[in-house]
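Visitor: The following comprises the amino acid sequence and a computationally predicted model.
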Amino acid sequence: MDNGMNVKMLEKKPDGTIEQIDERSWSRAMMAALEHANYIVVGGREFEAVEGRLNVDEGVLELLLVPVLND
């Protein structure tokens, strides 16, 4: 039985382009935590998760992330 899912994290740049910044397997616990989290830290950078898409063709969850600007 599969206990996880691949997740692609995509950064939306200020110019509107989208760049994949990470892809990894998430456990069921991580997937459940996503229901309660609006912000994600990847590579030491903080992002707001603005949208998610289940890509059935690739069997992957794609998260669209926008960088959080810290003053």
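Guide: Cool, the structure landed.
Visitor: any idea how far stretch 10-19 is from the chain center?
Guide: Between the centre of stretch 10-19 and the centre of its chain there are 13 Å (C-alpha atoms, centre = their mean, to the nearest Å).
Visitor: quick one: terminal-to-terminal distance for that stretch?
Guide: By C-alpha to C-alpha, to the nearest Å, the extent of stretch 10-19 from end to end equals 5 Å.
Visitor: tell me which residues in the one helix or strand in the chain whose mean pLDDT sits lowest are buried?
Guide: For the chain, scoring each helix and strand by mean pLDDT, DSSP states H and E identifies helix 28-34 as the least confident one, at a mean of 92. Within helix 28-34, the residues scored as buried using 16 or more other C-beta atoms under 10 Å are Leu34. Bear in mind the C-beta positions are built from the backbone N, C-alpha and C, glycine included.
Visitor: Run through who's touching it.
Guide: Under the contact criterion C-beta atoms under 8 Å, 6 or more residues apart in numbering, helix 28-34 has outside partners Asn3, Gly4, Met5, Val7, Trp26, Ala49, Gly52, Leu61.
Visitor: can I have it written out in PDB, keeping just the CAs?
Guide: These are the backbone C-alpha positions of helix 28-34, laid out as PDB (Å, rounded to 0.1, in the frame of the first residue of the first chain):
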ATOM      1  CA  ARG A  28       0.500  10.900   4.500                       C
ATOM      2  CA  ALA A  29       1.200  12.900   7.600                       C
ATOM      3  CA  MET A  30       2.800  15.700   5.500                       C
ATOM      4  CA  MET A  31      -0.100  15.700   3.100                       C
ATOM      5  CA  ALA A  32      -2.500  15.900   6.100                       C
ATOM      6  CA  ALA A  33      -0.500  18.800   7.500                       C
ATOM      7  CA  LEU A  34      -0.900  20.700   4.300                       C
END
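Visitor: Flag every buried residue along the following helix or strand past that helix.
Guide: Under the assignment DSSP states H and E, the closest C-terminal helix or strand after helix 28-34 is strand 39-42. The neighbour-count criterion (16+ other C-beta under 10 Å) identifies Ile40 as the buried residues of strand 39-42.
Visitor: now stretch 3-18
Guide: For stretch 3-18, burial by neighbour count (16+ other C-beta under 10 Å) applies to Val7, Lys8, Met9, Leu10, Glu11, Lys12.
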